[in-house]
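Enquirer: just coords:
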């Protein structure tokens, strides 16, 4: 069994890493969800590849064939696809609400606005003397 | 009827959830949700009685026998947690009736109860099922409804918190299905007990090792083990108080349960500690979590966020108990799971009671509330004392068993660190007490009164439970010991 013979698993690994990288590296909330979808899709491929048996046919009973692929992983992944759709839909709905609330879907803008809110809380709690400390903290971040 | 209890446990809240939408009238839906949750609790009680008298129950869905069909298997460990989750949800739902009126707009109440019941379904399902893929499905049911509940919070940061949790939670769940897939590849089965029989044959293969790795990272993301806890503080801080109380009491415990199942029932403790240095990894991460999260808790301005960080620290104790790898260590973890649910539910419900009156969860706005809402604030203090581990509270029982297990294993430096970490808990609890009792009010709280009775009763049931189970440990420790015995019994050996 050579390395290229397992090409479908290579595709799984590459897709998984691409998806994961997008989730981590991108700031745009929609792009992150796209990354998440790619990441999940790689797992669908993984399950589907797993059920394949070399030389076997689709699992529909017929007298002409003896060897069938394993249908169970395919059925399982149907469930996972539905879950994936639900997750993406919910994620997109949240992004819409975030856009309405913050006026942006860039992670950095949102964090800046949150940090501003946080600073106001701090000001209310400890008075202006705490500002110096929080300024330093901001620079560290 | 009684033979179908395992499936009824899950299906009652599942069918009730969409029914809520049709009932439409918020008040009616609220009462309906309590009844459903109470029914689930009664079913758990029935199951407990069956398990104690007749031993482990195996339920075949649709009559298909185990490796082909989905099996629900209720043993002493499941039933202990089923009882905990359904009891907590019932108590929390009673307080929800008034609490969400102030925290959510009227037209969202029905959706809140619907997602609450779906979340309950998911959690109960994870506990009841013995099928690894079924676990994933229920995990996602509970997770998706949790994201919805968090996003219902009034602060706009609830939305980002929910989004962040969605991203991390989905990665965690996807890791879990990768793990399940790899296990299926090697063994051709999804049933946990079938897996346990077949995995030892292929134990040394790299596929099984990576299956274990993926599964454990996924579960640790779900249970918010340090340093995978980043989603938790914001999610708890900005969710509606009722959702926070319910999630803090149950969601992470169910994830810890999954970890215990994975380690003890599927792979077996011998594999886990001999092939991989899991004991060391869990010990280091557990301790790091306890200290890092407790220190963060001290600096929080939002009281919900403060106790959310404390939750991360408490999860560290549970993981530390697992890391010891002995029966007593497991007992410490199981007891703490129950006890922590009691303390956190009490504290978060009491905070919810205060938020109901002052519409803020900022610590500074709690200044002076000690005089205005003595009963509610006393609940926070008793919950806090329990978190520290003061004698006469459940927290003491947990710490006692944990330290005992550590000493039995000769890990006395860790035991000393655990005791020192209680001092950090003293600091964050004291900070809360200082604001509540010893600081003049910052906002106008003249007409603030005690939380409404429908919240005060659940809060004090939990507070009294905190004290009762601190004095009488026969239920918690007894069931934990039985569960630990049975988990170690599977593989027959103590390390």
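Expert: Arrived safely, thanks for sending. Here the structure is a predicted model, which means the values were calculated and not measured.
Enquirer: domains of chain A?
Expert: Taking automatic domain parsing as the reference, chain A has its domains at A:4-105, A:107-141.
Enquirer: quickly list what residue B:71 is bridged to.
Expert: Under the criterion DSSP bridges, residue B:71 forms beta bridges with residue B:60.
Enquirer: what's around it, how many residues?
Expert: In terms of burial, residue B:71 registers 24 neighbours under the definition other CB atoms under 10 Å in any protein chain shown. Glycine gets a C-beta too; all of them are placed from N, C-alpha and C.
Enquirer: ok, now which ones touch it?
Expert: Contact analysis of residue B:71 by CB atoms under 8 Å, 6 or more residues apart in numbering or on different chains lists B:58, B:59, B:60, B:61, B:129, B:130, B:131, B:191, B:193.
Enquirer: now with 10 Å?
Expert: Residue B:71 is in contact with B:6, B:58-61, B:64-65, B:128-131, B:134, B:190-194, counting by CB atoms under 10 Å, 6 or more residues apart in numbering or on different chains.
Enquirer: for chain A, give me its nearest residue in chain B.
Expert: For chain B and chain A, the shortest gap (CB to the nearest CB) falls at residue B:156, measuring 3.9 Å.
Enquirer: return the distance of the closest residue to residue A:12 other than its chain neighbours relative to residue B:184.
Expert: Distance criterion CB to CB, 6 or more residues apart in numbering or on different chains; nearest residue to residue A:12, sequence neighbours excluded, is residue A:46 at 4.6 Å. Relative to residue B:184, residue A:46 is positioned 11 Å away (CB to CB, to the nearest Å).
Enquirer: which residues do the two both contact?
Expert: Shared contacts of residue A:46 and residue B:184 (CB under 10 Å, 6+ apart): A:73, B:177.
Enquirer: spell out which parts of the stretch 351-495 of chain B neighbour chain A.
Expert: B:362, B:363, B:364, B:365, B:367, B:435, B:442, B:443 (CB under 10 Å from any CB of the partner chain).
Enquirer: show me the contacts for the residue nearest to the last one when sequence neighbours are not counted.
Expert: Right, residue B:443. Leaving aside its sequence neighbours, residue B:443 sits nearest to residue B:365 (CB to CB, 6+ apart; 5.3 Å). Contacts for residue B:365 (CB under 10 Å, 6+ apart) come out as A:124, A:125, B:303, B:354, B:355, B:358, B:359, B:435, B:441, B:442, B:443, B:445.
Enquirer: tell me which element the spatially most central residue of chain A falls in.
Expert: The centroid of chain A falls nearest to residue A:36 when counting by CA atoms, centre = their mean (1.8 Å). Residue A:36 belongs to helix A:29-51 when assigned by DSSP states H and E.
Enquirer: can you give the distance of that helix from its chain's centre?
Expert: Relative to its chain's centre, helix A:29-51 lies at 8 Å (CA atoms, centre = their mean, to the nearest Å).
Enquirer: and what of stretch B:3-19?
Expert: Using CA atoms, centre = their mean, the offset of stretch B:3-19 from its chain centre is 21 Å.
Enquirer: count the residues that sit near residue B:481.
Expert: 17.
Enquirer: in chain A, which spans are helices?
Expert: A:7-25, A:29-51, A:72-102, A:107-126, A:131-140 (DSSP state H).
Enquirer: could these be laid out in JSON lines, adding mean pLDDT?
Expert: Shown next, in JSON lines, are the helices of chain A (pLDDT from 0 to 100):
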{"stretch": "helix A:7-25", "mean pLDDT": "92"}
{"stretch": "helix A:29-51", "mean pLDDT": "92"}
{"stretch": "helix A:72-102", "mean pLDDT": "92"}
{"stretch": "helix A:107-126", "mean pLDDT": "83"}
{"stretch": "helix A:131-140", "mean pLDDT": "48"}
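Enquirer: and of these, who's closest to residue B:51?
Expert: Set against residue B:51 and scored by CB to CB, the helices of chain A come closest in helix A:72-102, at 29.1 Å.
Enquirer: tell me what angle that closest one forms with helix A:107-126.
Expert: If you take axes from the mean of the first three to the mean of the last three CA atoms, to 10 degrees, helix A:72-102 sits at 60 degrees to helix A:107-126.
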